[in-house]
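> Sequence and predicted model, in that order:
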Amino acid sequence: MAGPTPIALIDCNNFYVSCERVFNPRLEGVPVLVLSNNDGCAIARSNEVKALGIKMGDPAFKLRPLIEKHGIRVFSSNYVLYGDMSRRVQEALGQFSPETECYSIDETFLDFGGFPHVDLWAYGQEMRGTVQKWTGIPTCVGIGPTKTLAKLANAVAKKNPTFGGVCDVMEEPVRAAVLRAFEVSDIWGIGRATTAKLAGIGTTTAAQLRDLSPKRARSMGTVVLERTIMELRGLPCLALEDVAPQRKGMACTRSFGRVVTSKAEMLEAVASHASRAGEKLRQHGLVAGKLTAFFHTSPHRDDPQHHASRVTRLFPMSSDTPTLITAASRCVEAAWRQGFRYVKAGVLLDDLCRAEDAPRTLFDAPTEREAKCMATMDQLNVRFGRGTVALAATGIEKGWKLRAEHHSPCYTTRLAEVPVVRA
DNA sequence: TCTGGGGTCCTAGGACCC
DNA sequence: TCTGGGGTCCTAGGACCC
């Protein structure tokens, strides 16, 4: 009888830090930190930085003393570089299974069911070696009968060097031992709220959660928790999704580089986000049926608080920038309240569908001219750089734009920034 | 002075209908 | 002296993920 299908999860170690190191070997062995947009908080840490006690999401301004004391090398996030490196990793992984699911920028699930006589631990090692050789990125691999167990095994491989970077929990005795030593809060899908609830009934390890009755779980939480229990028992509830499902929504949001208090600036910022959202829609060949514009004050300040948000239907559905800007501006006008110190704004698009599937009505205005205009604008911006052609509504000065003071070069995607080796 | 951005899924509750 | 029952659709908000 065939056993359950092994699923592997390969995860890049400290991915953004590793990307920076590939192109700057001097960063090897020293503490490296990558900051979020706006240089706001920590989002990727080298092992040296983790050892200093710096946590994911720690605000950068609080880290200043530690950064100086330990000579931490700090980078703004460079998503162009990380996205391109991720693509290269995916390419290498294609060698190892016909069925892969790119789960996030640094994680991929692979169906390892096709090789019944292969030593999976050794195969995992071969995969790590290939990714390292092709891209320079170090990885760890977890293997198990379900996605949740593969994730768990991966975390074990990362934390515990005795596994040599690959942890396989297909065998029941190994799995049982690993689950006993694994904290419930580290399980995929168990967040802060659920951890607290489970602690209330004395459930703190993965083994205890596995043995909890699904009925009890359902009454405490949702169907998600029930599924997690089944997955911990080795019964797959989550399929490998090798074709990406149609995305449902899209967001363009940013914190400001400084506080915004005037409606004119807010209109500019929201128009910019709407404009970017349009580009993204067209890039994916999509149109949107619903647009939300929002802006709000800082929850971290003592200021009076205000969260504003307005939704509007887009009918006919659209990806046309002037249409999106008009809709977003109406939302801002309707929601605007003077006298607050706003720190963030954004545009959300929902009810997405492929442009060719969009419903039409008898009374749709002809859109061919608009589409051509947008296509031309997109081409110019690709060729000569983002922002070469833009709608005036998005502003000229953009005093509200974010900071990024420690940006590394786009080594792999911008000709002027390709690394140069001198003889 | 200074705390990211972009997603998904689930549930409860209201509106509405027959 | 008394106010149905069941269904769908939509939305807001919570929780979680990377």
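Looks like it came in fine. All of these numbers come straight from a predicted model, not from anything done at the bench.
> Can you list the helices and strands that the helix or strand bottoming out on mean pLDDT in chain A packs against?
Counting by mean pLDDT, DSSP states H and E, chain A has its least confident helix or strand at helix A:368-384, which shows a mean of 78. Judged by 3 or more C-beta pairs under 8 Å, 6 or more residues apart in numbering; DSSP states H and E, helix A:368-384 is in contact with helix A:263-283, helix A:321-335. C-beta here means a position set from N, CA and C on the backbone, and glycine is covered the same way.
> for the first one, the distance to its chain's centre please.
To tie it back to what came earlier, the one meant is helix A:263-283. 21 Å (C-alpha atoms, centre = their mean, to the nearest Å).
> CA atoms only for it, dumped as CSV, please.
Taking C-alpha atoms only, helix A:263-283 is exported to CSV below (Å, rounded to 0.1, in the frame of the first residue of the first chain):
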residue,chain,number,x,y,z
LYS,A,263,-6.2,67.8,2.0
ALA,A,264,-4.2,68.9,-1.1
GLU,A,265,-1.3,66.6,0.0
MET,A,266,-3.7,63.8,0.9
LEU,A,267,-5.3,64.0,-2.5
GLU,A,268,-1.9,63.8,-4.2
ALA,A,269,-0.7,60.9,-2.1
VAL,A,270,-3.9,58.9,-2.7
ALA,A,271,-3.8,59.7,-6.4
SER,A,272,-0.3,58.3,-6.5
HIS,A,273,-1.4,55.1,-4.8
ALA,A,274,-4.4,54.8,-7.2
SER,A,275,-2.0,55.4,-10.1
ARG,A,276,0.4,52.6,-8.9
ALA,A,277,-2.6,50.3,-8.3
GLY,A,278,-3.7,50.9,-12.0
GLU,A,279,-0.2,49.9,-13.2
LYS,A,280,-0.3,46.7,-11.1
LEU,A,281,-3.8,45.9,-12.5
ARG,A,282,-2.7,46.3,-16.1
GLN,A,283,0.5,44.4,-15.5
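> Can you check what angle separates that helix from helix A:321-335?
Helix A:263-283 and helix A:321-335 are oriented at 140 degrees to each other (axes from the mean of the first three to the mean of the last three C-alpha atoms, to 10 degrees).
> residues contacting the nearest residue to A:I72 once chain neighbours are set aside?
The shortest distance from A:I72 to any residue that is not its chain neighbour, by C-beta to C-beta, 6 or more residues apart in numbering, is 4.4 Å, and that residue is A:P31. If you count contacts by C-beta atoms under 8 Å, 6 or more residues apart in numbering, A:P31 has them with A:S46, A:E48, A:V49, A:L52, A:H70, A:G71, A:I72, A:R73.
> what's the answer for A:R21, then?
Contacts of A:R21 were listed using C-beta under 8 Å, 6+ apart, and they are A:L27, A:E28, A:V32, A:G136.
> What are the phi and psi values at the second one?
Torsion angles at A:E28 (phi, psi; degrees, to the nearest 10) stand at phi -60, psi 130.
> before we move on, what about the first one?
Here is the backbone geometry of A:L27 (degrees, to the nearest 10): phi -80, psi -10.
> can you check the third one too?
Backbone torsions for A:V32, taken as degrees, to the nearest 10, come to phi -130, psi 140.
> Now do it: how many residues are near it, please.
Residues lying near A:V32 (other C-beta atoms under 10 Å) number 24.
> Grab the nearest non-local neighbour of it.
A:S46 is the one closest to A:V32 (C-beta to C-beta, 6+ apart), at 4.2 Å.
> and the one you found, what does it touch?
Residues counted as contacts of A:S46 (C-beta under 8 Å, 6+ apart) are A:N14, A:V17, A:L27, A:V30, A:P31, A:V32, A:L33.
> Could you give the separation of the helix or strand where the second one lies from the chain centroid?
Here A:V17 sits within helix A:15-23, counting by DSSP states H and E. Using C-alpha atoms, centre = their mean, the distance from the centre of helix A:15-23 to the centre of the chain it belongs to is 17 Å.
> That helix vs DNA strand C: in contact?
No: among the residues of helix A:15-23, none lie within reach of DNA strand C under C-beta under 7 Å from any atom of the strand; the closest is 7.8 Å away.
> for that helix, what is the average pLDDT?
The predicted model assigns helix A:15-23 a mean pLDDT of 97.
> Tell me the helices and strands packed up against the next helix or strand after that helix.
For helix A:15-23, the succeeding helix or strand toward the C-terminus, using DSSP H and E, is strand A:32-35. Helices and strands touching strand A:32-35, by 3+ C-beta pairs under 8 Å, 6+ apart, are helix A:15-23, strand A:42-45, helix A:47-51, helix A:60-70, strand A:73-76.
> Number of residues surrounding the residue in chain A positioned nearest to DNA strand C?
Minimum separation of chain A from DNA strand C (C-beta to the nearest atom of the strand) falls at A:G191, amounting to 2.0 Å. Residue crowding around A:G191 was assessed by other C-beta under 10 Å; the count is 9.
> Got the confidence number for it?
95.
> which ones are touching it?
The neighbours of A:G191, taking C-beta under 8 Å, 6+ apart as the test, come to nothing; the list is empty.
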